[in-house]
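# Turn this into a model:
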Amino acid sequence: MRGMGNMQGMMKQMQKMQKKMAEAQEELGTQRFEALAGGGMVKVVVSGHKEVLEVELDPTVVDPEDIEMLQDLIVIATNEAMKKADETANATMGQFTKGLNLPGMF
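Below you'll find the model as predicted:
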């Protein structure tokens, strides 16, 4: 019977950890990550849930003769903002799985 008490204690700890993880994920979703490209001519802002929230373009970067450059700058800024969001998510959520060997987890 002693093992059952241990199991219940572990289950309670897991439930607490799940609640904290859910709170951390919710908090992460409210954070904003910004990246610039082209010397600041293109700015992209994403949420912690990796949703693009804003794209700002300096009017001087809009050249109808060179649309490819503008597209490249948007891709660069978006990827950099997503990378920042990923790094923060991994650091935030990694604290919950530190020391655990759980395949498929952060």
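# SS state for the spatially most central residue of the chain?
In the chain, the centroid-proximal residue (Cα atoms, centre = their mean) is residue 85; its distance is 3.0 Å. Recorded secondary structure, residue 85: helix (DSSP: H, G, I helix; E, B strand; the rest coil).
# Read off the pLDDT value for it.
pLDDT, residue 85: 93.
# And residue 48, by the same measure?
90.
# quick one, what contacts it?
By Cβ atoms under 8 Å, 6 or more residues apart in numbering, the contact list for residue 48 reads 27, 28, 29, 30, 31, 32, 33, 85, 88, 89. The way it works is simple: take the backbone N, C-alpha and C, and place the C-beta from them, glycine included.
# for the one helix or strand the first one maps to, packing partners?
In other words, residue 27. In the assignment (DSSP states H and E), residue 27 maps to helix 2-30. Helix 2-30 is packed against helix 67-97, with contacts defined by 3 or more Cβ pairs under 8 Å, 6 or more residues apart in numbering; DSSP states H and E.
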